[in-house]
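Asks: Following is a predicted model, sequence given first.
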Amino acid sequence: MRHLGEVVDKRGYVVNPKRQRQLEIPSYIITSSPCHTFISFLLSISNKKRAMVVYLEQRFPAHDQTTNSSDDHQIQSDLNICRELESQGIPITTSNGRPDRDFGGLTKDSKTLAIIHPLTAHQISAVLRAAVASPTLTVAPCGNAHSIHGQAFAHRGIVLDMPAMPTSGKVTLAGAGDFADVGAGATWEEVLKRCVGEHGMAPRSWTDYLGLTVGGTVSNAGVSGQAFRHGPQSSNVMEMEVVTGNGDVVVCSERQNSDLFFAVLGGLGQFGVITKATIALQPAPTTVRWIRLVYTEFSAFAGDAEFLVTQPESNSFDYVEGFVFVNSDDPVNGWPSVPIGSGQVFDQAEIPRTAGPVLYCLELVLHYKNKGDDSASVDKIVDVRLQRLRYCRDLRFEVDVSYVEFLLRVKHVEQKAVANGTWHTPHPWLNLFVSQRDIADFDRLIFKKILKDGIGGPMLVYPLIKSKWDSRTSVVLPEGEIFYIVALLRFSGPNNTGPTVDNMVAQNQEIIRCCAEHGFDFKLYLPHYRTTEQWKAHFGDQWSRFVDRKSRFDPMAILAPGQRIFSRAHPSYL
Ligand SMILES: Cc1cc2nc3c(=O)[nH]c(=O)nc-3n(C[C@H](O)[C@H](O)[C@H](O)COP(=O)(O)OP(=O)(O)OC[C@H]3O[C@@H](n4cnc5c(N)ncnc54)[C@H](O)[C@@H]3O)c2cc1C
């Protein structure tokens, strides 16, 4: 499945065709070897970062040398299906037996058989219909593989490279300009640039990091500091084009094919491949006031955060998040992680001696609403809205930045992490939704004890409002109107500095165990489980609805096998 003229990077990995257009003119290497180590060697001796590789033979190399003969037979037969798809003009490449790798970097045992770079929804339909012919072939829609636990992989199956769809780069305004039609493989950054840059309009609900794809986040939820007001991104989708596991191309919305619409939102890729989405927009501000307030007591922090997320818009902010940090001078986990403007300094003398091992930071943003707003008038509004909050008065940091700069704030973190080598190391992240009832105990047992020394990255915690989430989608949440998102965004050192990845994974397990042992009402966000029993427990009374949706929209359990919910051999609804 190697393509003639395929572009590979220095590691010998195939470069996404969409990105190839951005490359400089490559040099050429002619080889008959499918071995990426050999290609890397050729590149290194030619002193090139990337090159066009012209393969002379072996377009469909043997996939996995370690398989037994009946496996081999099945793999060959699945490769024949891929050849047939290629002969229909569907672009295919192979990962050539190398293990799959996502942002988490924790999954060691997954190898993709073929990567399809679909041009149209109908090509995706052809792939899914062809997969039915095999007893084993699975198909995983893949955004930018920012998953942690291999959720976008298909071991010995087909991965759909969604950003390669030509619609992924397209964002078109619809309605009276208050909706955007976007390709599901588009990143939120692309959506930002087109909507805000060209039309002054913006999606209402974001994620913190915008290198994620639209299809990937709405298949989970998509949460950031706007979700308390507008709900997650999955609550802001008006219509989608979806290819079901049966291969049907269906347009769905709240009014049309609504069962499929709600199944797919938060559906973990289980019910269909989203190819397009229509997203609600609102006028974008040009500038925002970005504020950080420090608290020493969790009760004051949580009380103020809950107050703000339940106030009317006229008495609150446009973005409310929060994080926990270590009460020390540690540059990553401690005081220096709080100031936002250049030259701002965290004066530790302002921290009372009685403060505990961790402190809390409420992060707020106010949009400049009117064209005439100036910094002084925004000062007044901010002062009034902060008046009753109980933060440490001398530990308030604020800065005015452009709206786009604020939304791209994590891109700077990415650039730094790429430069220091921590973007490509494993990331054993843990994301949870914890009920309001249990969040103070979570703080007492987990933030103040297990995580008192930090995690080498942000520890987010902020409240969300359940009524802003549509209960008809496939997402499951804790009980109660208010619940918290807790995001432990761990980074591991490039040179084995700091705790090992195994230790970080073990600490995540300890946290989950602690929540279970104390009877906390919590759900994993971006969930990952290994057994059907665990998935049943996760979905609780929504499990039968989830299974019913699977039996209707993907009865052969072909889609998104990396979630490990259903298996082709034993779909648990049979
Ligand atoms: C640096 C970073 C920051 C993050 N910040 C946030 C945040 O602020 N808020 C938040 O909510 N999440 C955040 N996430 C998590 C993110 O939402 C998930 O990683 C999500 O999976 C999106 O990533 P992706 O687009 O690369 O999807 P992938 O990882 O490629 O896919 C995720 C799942 O969705 C399925 N899928 C992908 N595309 C489609 C499609 N078109 N149709 C159907 N199914 C599809 C896949 O099969 C897979 O099961 C962050 C992740 C990272 C790495």
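Replies: Ah, there it is.
Asks: Can you list the neighbours in contact with stretch 308-322?
Replies: 208, 224-226, 228-229, 288, 291, 301, 305, 360-367, 385, 460-465, 482 (Cβ atoms under 8 Å, 6 or more residues apart in numbering). The C-beta positions use only the backbone N, C-alpha and C, and glycine is treated the same way.
Asks: near the ligand, which of the residues you listed show up?
Replies: 208, 224 (Cβ under 6 Å from any ligand atom).
Asks: Sitting in helices, which of the contacts of stretch 308-322 do you find?
Replies: 228-229, 301, 305, 385 (DSSP state H).
Asks: Quick check: of those, which lies closest to the ligand?
Replies: F228 (13.4 Å; Cβ to the nearest ligand atom).
Asks: Check what pLDDT the closest one gets.
Replies: Looking at F228, its pLDDT is 98.
Asks: for the protein, what are the low-confidence residue spans?
Replies: Scanning the chain for pLDDT under 70 picks out 1-67, 96-97, 496, 570-574.
Asks: Which SSE is immediately downstream of the biggest helix by length in it?
Replies: For the chain, the helix with the greatest residue count under DSSP H is helix 69-87. Downstream of helix 69-87, the first helix or strand assigned by DSSP states H and E is strand 92-93.
Asks: Which residue does the stretch 301-450 of the chain have closest to the ligand?
Replies: V410 (6.4 Å).
Asks: in whichever strand or helix holds that residue, what's buried?
Replies: Using DSSP H and E, V410 sits within helix 409-420. Across helix 409-420, burial judged by 16 or more other Cβ atoms under 10 Å covers 410, 413, 417.
Asks: Can you lay out these as a markdown table showing distance to V401?
Replies: Shown next, in a markdown table, are the buried residues of helix 409-420 (distance: Cβ to Cβ, whole Å):
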| residue | distance to V401 |
| --- | --- |
| V410 | 14 |
| V413 | 15 |
| A417 | 21 |
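Asks: and of the residues you listed, the nearest to D329?
Replies: V413 (20.2 Å; Cβ to Cβ).
Asks: what secondary structure does V243 sit in?
Replies: Classification of V243 using DSSP: H, G, I helix; E, B strand; the rest coil returns strand.
Asks: try M504
Replies: Secondary structure state of M504, per three-state DSSP, is helix.
Asks: pretty sure it is touching L451, no?
Replies: No. Assessed by Cβ atoms under 8 Å, M504 is found out of contact with L451, at 11.2 Å.
Asks: for the ligand, what are the nearby residues on the stretch 301-450 of the chain?
Replies: So the stretch 301-450 of the chain never meets the ligand (Cβ under 6 Å from any ligand atom).
Asks: From the contacts of stretch 308-322, which land in strands?
Replies: When the contacts of stretch 308-322 are checked against strands (DSSP state E), the matches are 288, 291, 360-367, 460-465, 482.
Asks: Please spell out the PyMOL selection for the buried subset of the residues you listed.
Replies: Selection of the buried residues among the ones in strands among the contacts of stretch 308-322 in PyMOL, burial being defined by 16+ other Cβ under 10 Å:
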select buried, resi 288+291+360+361+362+363+364+365+366+367+460+461+462+463+464+465+482
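Asks: if we can go back for a sec, quick one, what contacts the residue of the stretch 301-450 of the chain closest to the ligand?
Replies: Contacts of V410 (Cβ under 8 Å, 6+ apart): 208-210.
Asks: which among the buried residues of helix 409-420 gets closest to H122?
Replies: V410 (35.5 Å).
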